[in-house]
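Enquirer: I would like to see how this sequence folds:
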Amino acid sequence: MSLNVKSKLLKKLFEAKGEPVSGQDLADQFGMSRTAIWKHIKDLEKDGYEIGTVRKKGYYLIETPDLVNEANIQKYLMAKKYGRRIRYVDSCPSTQPIALEEEQNGAPDGMIVVAEEQTAGKGRMMRPWSSASGKGIWMSVICRPHLMPQQAPQMTLVAAVAVTRAIEEITGLEPTIKWPNDLLIDGKKITGILTELQADPDRVKAVILGIGINVNHEESDFPEELQTIATSLKIASGQQVNRAQLIAKIADYLELYISMYEKSGFEPIKLVWESYSNTIGKRIRAVLLNETIEGTALGISDEGVLELRLDDGSIRGIFSADIELPKD
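Expert: You can find the predicted model right below:
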């Protein structure tokens, strides 16, 4: 059964909202026999969908498994472009190379590549990212914003705001943002965002946002060395979180905030970002490639640069660094 037919069949069952859908009507719509439809229904049941039948009336959906496939996500989607095209894979080394290939093949603005599991996920500076199967959100979003190349670095901050707003709305939790791209709850990491740029000298062709979120992990799902520094939405909230619904909400907010950035510049995004920041006004340590400096974080510039007041009163712009809160 092709993924395309499977997704379309699921959409028909979702749209019916629990009411029976005639097998003959489905057969006519898909241009196949009723027996073929029955076989496809059995395939969906193997995937974990619970589907009931009513004699002479048809099939109806009882229970949906926790999968982040196209039909499950789009059931909740409000965005017009983002998330309207989805490539779903069960397992892959990383969604980023797949998204890059899709981008080069002309993927539309807002296409999402999402996996149940990554076997070689990476964060910033090529650090490994633990991506347990069926527990988190491991996805890459292909964005084609109308921006100049020098505006592209701020897309990481735009994405951080979108993901924070989505988590807040779906779970009621209040994440903070650690510059530039980590989301924390109670000081522990739940989300990382990786940005890759495809550009000509005078225009952005695409920005690929790699987003990893620890969603339904138990503490034991993390490697021992991460258990003191990482958490999940389930650990923090005490509730199982619908991953597909959260992805849809992220897509909604990405579309909203990227459009805002294109039309109104970075200033309105900057204000929201700073309201979620866990570093503004605090003394921090910035670990750069060749030096480590300490000072008070003042905020971010219109270019997304972190501004640090050093002990001698001078202001230093930080373009890329690991940020730490010094221990007393």
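Enquirer: how about the secondary structure of the residue most central in space within the chain?
Expert: Residue closest to the average C-alpha location in the chain (CA atoms, centre = their mean): residue 211, at 4.4 Å. With DSSP: H, G, I helix; E, B strand; the rest coil as the basis, residue 211 sits in strand.
Enquirer: dig out what it forms beta bridges with.
Expert: Judged by DSSP bridges, the bridge partners of residue 211 are residue 139, residue 193.
Enquirer: identify the residues contacting it.
Expert: By CB atoms under 8 Å, 6 or more residues apart in numbering, the residues touching residue 211 are 137, 139-141, 159, 163, 191-194, 250. (Each C-beta comes from the backbone N, C-alpha and C, glycine too.)
Enquirer: out of these, grab the one that's most surrounded.
Expert: For the contacts of residue 211, the largest neighbour count, defined by other CB atoms under 10 Å, is 30 neighbours, found at residue 250.
Enquirer: quick check: which ranges of the protein have low pLDDT?
Expert: Applying pLDDT under 70 to the chain flags the ranges 1-3, 121-131, 326-328.
Enquirer: give me that answer again for 50
Expert: For the chain, the stretches flagged by pLDDT under 50 are 1, 125-126.
Enquirer: other SSEs contacting the longest helix seen in it?
Expert: Counting by DSSP state H, the longest helix found in the chain is helix 243-264. Counting contacts by 3 or more CB pairs under 8 Å, 6 or more residues apart in numbering; DSSP states H and E, helix 243-264 packs against helix 70-74, strand 111-118, strand 137-143, helix 155-171, strand 203-213, helix 267-276.
Enquirer: how far does the third one sit from the chain's center?
Expert: Same thing as strand 137-143. Relative to its chain's centre, strand 137-143 lies at 5 Å (CA atoms, centre = their mean, to the nearest Å).
Enquirer: helices and strands around that strand, which ones?
Expert: Contacts defined by 3+ CB pairs under 8 Å, 6+ apart place strand 137-143 against helix 95-104, strand 111-118, strand 203-213, helix 243-264.
Enquirer: out of those, which is the most enclosed?
Expert: Stretch with highest mean neighbour count among the helices and strands packed on strand 137-143: strand 111-118 (a mean of 24; mean count of other CB atoms under 10 Å).
Enquirer: returning to what we had before: redo the helices and strands packed on strand 137-143 as CSV? Include distance to residue 38.
Expert: Below are the helices and strands packed on strand 137-143 laid out as CSV (distance: least, CB to CB, whole Å):
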stretch, distance to residue 38
helix 95-104, 33
strand 111-118, 27
strand 203-213, 37
helix 243-264, 26
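Enquirer: minimum distance to residue 37: which of those has it?
Expert: Among the helices and strands packed on strand 137-143, the nearest to residue 37 by CB to CB is helix 243-264 (24.0 Å).
Enquirer: residues making contact with stretch 25-43?
Expert: For stretch 25-43, the external contacting residues (CB under 8 Å, 6+ apart) are 1, 5-6, 8-9, 12, 23-24, 51, 58-59.
Enquirer: okay, and which of those residues map to strands?
Expert: Applying DSSP state E to these, the entries found in strands are 51, 58-59.
Enquirer: distance to residue 282 and neighbour count added to these, as a markdown table?
Expert: Listed next are the ones in strands among the contacts of stretch 25-43 as a markdown table, based on distance: CB to CB, whole Å; neighbours: other CB atoms under 10 Å:
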| residue | distance to residue 282 | neighbour count |
| --- | --- | --- |
| 51 | 53 | 16 |
| 58 | 60 | 20 |
| 59 | 56 | 21 |
